[in-house]
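Novice: Sequence and predicted model, in that order:
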Amino acid sequence: MGTSHYHLYFERCDAKRNMARFYAVSIEQDLFGRILLCRRWGRLRTFGQEKLEPFDSEDEALRHMLALCRAKRHRGYRPVQTWRG
């Protein structure tokens, strides 16, 4: 992967439902040169859970990342400019 880095962070808060969640996704390269889609999610102000998915190319990982982000926006998550996860 070149110099491009992708990081997106979303939050969903609803006080009536006691909901305060985050969803963070990024594309990174591991020490062996593999392209990884890194996802973290959970309750705000916690580390949450994490899942790493390997991909053959950065383009493939980016397409999957954008599909995940569209799904989260559809469920009510909104992008936040600062990475707080």
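Specialist: Right, received. Where do you want to start?
Novice: okay, and for this protein, where does confidence drop off?
Specialist: Confidence mapping of the chain against pLDDT under 70 gives the ranges 1-4, 82-85.
Novice: show me where it has strands.
Specialist: 6-14, 19-29, 35-43, 49-55, 78-79 (DSSP state E).
Novice: Distance to residue 61 and mean neighbour count for these - can I get that in CSV?
Specialist: Glycine gets a C-beta too; all of them are placed from N, C-alpha and C. Output for the strands of the chain, formatted as CSV (distance: least, CB to CB, whole Å; neighbours: other CB atoms under 10 Å):
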stretch, distance to residue 61, mean neighbour count
strand 6-14, 8, 16
strand 19-29, 5, 18
strand 35-43, 5, 17
strand 49-55, 4, 12
strand 78-79, 19, 11
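Novice: how about those in a markdown table, adding distance to residue 70?
Specialist: Below are the strands of the chain laid out as a markdown table (distance: least, CB to CB, whole Å):
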| stretch | distance to residue 70 |
| --- | --- |
| strand 6-14 | 11 |
| strand 19-29 | 12 |
| strand 35-43 | 14 |
| strand 49-55 | 17 |
| strand 78-79 | 12 |
